[in-house]
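# quick one, fold the following:
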Amino acid sequence: MNKTLVIVGAGTGGLAIASSILSCKSSHELDVVIIDPSANHYYQPQWTMVGAGLFPKERTQVLTKTLIPRKAQWVQESVQSIDPAGKTIEFSNAMTMSYDYLIIAAGLNLDWSKITGLEASMGKNGVCSNYSYATVDSTWNAIQSIKQGNAIFTFPPPPIKCAGAPQKIMYLAEHYFRKKSIRNNIDVRYFCAGKSIFAVEKYKATLDRICEDRHIDTQFNWNLTTVIGESQEAVFTNMDTGETRCEDYDLLHVTPPMNAPKFIKDSGLGNESGFVSVDSKTLQHEVYPDIFSLGDASSLPTSKTAAAIRAQMPVLKNNFFAHVNGRNLSAEYDGYSSCPLVTGYNSAVLAEFDYQLEPRETFPFNQAKERFSMYFLKKHLMPVLYWKALIRGKRWPTIL
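Next up is the predicted model:
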């Protein structure tokens with residue numbers, strides 16, 4: 001009798017690991033079920049390009065049903081809770097399902113409501129965001145509309161998905177202002193809840209220099225807490241002292257706070273922050289050995305990117321089959337992640353690093369230098385790798 005493997009999430013991680021596992025001969029002994037309520041799947045890394053007017057957003061959206069692996073069953077429901085002791089899943093419609101093995105790849109939730117006044121202001125009064133399909137058009141509209149004043153870009157307390165994205169759109173907007181000869185009329189400002197512009201020193205040095213050379217005002221330890229759309233004011237709170245300050249804006253690009261899906265913590269599967277508590281090397285749950293996790297919903301202490309999922313996928317697959325067959329888990333994830341930092345309409349820096357925040361570069365040149373080739377890779381080649389390889393569970397050299 002076949003065992004049931006349930007995968008929660010049909011995003012990047014869920015589709016990638018489902019396809020990877022089903023490509024193995026031994027998968028014929030598994031019934032694979034994917035749970036996800038979303039009718040559409042999105043290639044979110046491309047929203048940076050959409051927000052900069054370089055790409056139509058419609059091409060980032062595909063029907064989920066067209067991506068579900070042929071040998072898998074799709075249950076289009078939301079997970080309400082998981083009973084890891086009883087190995088059952090309850091859906092939001094009160095129906096339940098049993099499992100033998102579980103992989104959680106449920107992604108992150110955007111918590112727009114955590115910033116007072118943001119939801120009421122989104123898409124008007126100069127407020128915009130690249131972080132959802134519904135709002136990404138507002139960014140390009142805001143960039144085109146501003147002629148003078150303050151253009152503010154925000155970064156919330158981590159973890160967030162694609163932590164480089166909040167500054168990518170800032171660099172693109174600043175470049176656009178230069179191309180339109182209005183840069184001298186606009187102050188470009190970056191308010192970041194973190195302590196620096198990037199965690200890896202090699203790339204941080206480049207980004208600090210870019211901000212200095214382009215007269216971008218960087219403010220660290222400041223978290224956006226309130227948006228007053230009618231008067232175009234943004235209130236920031238200092239992460240260390242609790243001090244608040246109010247800033248006028250004409251363009252406000254907001255990266256919303258993010259958190260793990262509620263069912264993870266409610267089911268006793270999460271760490272203190274609510275992310276699936278897994279071993280950082282094996283990706284197996286620290287308490288329940290039949291549960292694994294990868295991607296944004298996991299507790300893995302690395303950047304939450306599609307490139308990280310690409311590196312996690314073979315580790316999880318190998319360790320999953322080792323567990324199923326009673327062998328020791330020997331595959332180890334070293335924290336590899338990648339962030340293609342677009343710095344203008346024809347340049348990018350490709351950051352690649354591991355758990356120790358040490359560079360793990362693919363190419364035989366200094367990837368901390370701005371290059372057109374890395375921009376071309378981000379804009380044209382990475383989408384192909386995503387649609388044709390990653391979510392189909394295929395492997396290729398490290399970058400995504």
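
# from here on, contacts and neighbour counts on C-alpha atoms
Noted.

# contact partners for the residue nearest to residue 75 when sequence neighbours are not counted?
Closest residue to residue 75 apart from its sequence neighbours, by Cα to Cα, 6 or more residues apart in numbering: residue 35 at 4.8 Å. With contact set as Cα atoms under 8 Å, 6 or more residues apart in numbering, residue 35 has these partners: 6-10, 74-79.

# return the subset of those lying in strands.
6-8, 74-75, 79 (DSSP state E).

# nearest to residue 176 among the contacts of residue 35?
Looking at these and their distance to residue 176, the nearest is residue 10, at 35.2 Å (Cα to Cα).

# how many residues are close by the nearest residue to the closest one once chain neighbours are set aside?
Excluding its sequence neighbours, the residue lying closest to residue 10 (Cα to Cα, 6+ apart) is residue 36, at 5.6 Å. Residue 36 has 22 neighbouring residues, counting by other Cα atoms under 10 Å.

# now do the strands in the stretch 301-400 of the chain.
Assigned by DSSP state E, counting those that start in this stretch, the strands in the stretch 301-400 of the chain fall at 337-344, 347-353.

# hang on, the earlier thing: you'd agree the residue nearest to residue 10 is up against residue 68?
No: applying Cα atoms under 8 Å as the test, residue 36 and residue 68 come out as separate, 10.6 Å apart.

# circling back: quick check: the residue nearest to residue 10 vs residue 217, distance?
Counting by Cα to Cα, to the nearest Å, the gap from residue 36 to residue 217 is 41 Å.

# tell me the phi and psi of the residue nearest in space to the middle of the chain?
The centroid of the chain falls nearest to residue 161 when counting by Cα atoms, centre = their mean (2.6 Å). Main-chain dihedrals, residue 161, degrees, to the nearest 10: phi -80, psi 140.

# got the contact list for it?
Contacts of residue 161 (Cα under 8 Å, 6+ apart): 108, 296, 303-305.

# between residue 36 and residue 68, what contacts are shared?
By Cα under 8 Å, 6+ apart, residue 36 and residue 68 have these common neighbours: 10, 74.

# can you give me the helices in the stretch 251-400 of the chain?
262-266, 306-324, 372-376, 382-388 (DSSP state H, counting those that start in this stretch).

# among the ones you listed, which is nearest residue 56?
helix 382-388 (13.2 Å).

# next, the buried residues of that closest one.
Neighbour-count burial for helix 382-388 flags 382-383, 385-386 (criterion: 16 or more other Cα atoms under 10 Å).

# ok, stretch 57-71 next?
57, 60, 64, 67-69, 71.

# mind listing what's buried in stretch 289-301?
By 16+ other Cα under 10 Å, the buried positions in stretch 289-301 come out as 290-300.

# what are the contacting residues of it?
Around stretch 289-301, the neighbours that count as contacts under Cα under 8 Å, 6+ apart are 12-13, 100-108, 161, 260-261, 270-271, 275-280, 283-285, 304-306, 308-309, 312-313, 316, 320, 323, 335, 355.

# let's go with 6 Å and repeat that
13, 101-108, 260, 275-277, 280, 283-285, 304, 309 (Cα atoms under 6 Å, 6 or more residues apart in numbering).

# try stretch 234-254
Residues contacting stretch 234-254 (Cα under 6 Å, 6+ apart): 126-129, 149-154, 221-227, 232-233.

# with only the CA atoms kept, save it in CSV.
The C-alpha atoms that make up stretch 234-254 are tabulated as CSV, following Å, rounded to 0.1, in the frame of the first residue of the first chain:
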residue,chain,number,x,y,z
ALA,A,234,5.1,58.6,6.9
VAL,A,235,5.8,57.9,10.6
PHE,A,236,8.9,55.9,11.4
THR,A,237,9.9,54.3,14.7
ASN,A,238,13.5,53.8,15.8
MET,A,239,14.2,50.1,16.4
ASP,A,240,16.6,50.8,19.3
THR,A,241,15.1,53.8,21.1
GLY,A,242,11.4,53.8,20.2
GLU,A,243,11.8,57.4,19.1
THR,A,244,9.4,58.4,16.3
ARG,A,245,9.8,60.8,13.4
CYS,A,246,7.4,62.1,10.7
GLU,A,247,8.6,62.5,7.1
ASP,A,248,6.9,64.1,4.2
TYR,A,249,6.8,62.1,1.0
ASP,A,250,5.7,62.5,-2.6
LEU,A,251,6.4,58.8,-3.4
LEU,A,252,6.4,56.1,-0.8
HIS,A,253,7.4,52.6,-1.8
VAL,A,254,6.4,50.3,1.0
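
# which residues does residue 60 contact?
42-43.

# try it again with 8 Å
Per Cα under 8 Å, 6+ apart, neighbours of residue 60: 42-44, 46-47.

# what about residue 371, neighbour count?
17.

# nope, residue 246 is what I meant
By other Cα under 10 Å, 14 other residues sit near residue 246.

# tell me which helix or strand it sits in.
Here residue 246, judged by DSSP states H and E, is contained in strand 244-248.
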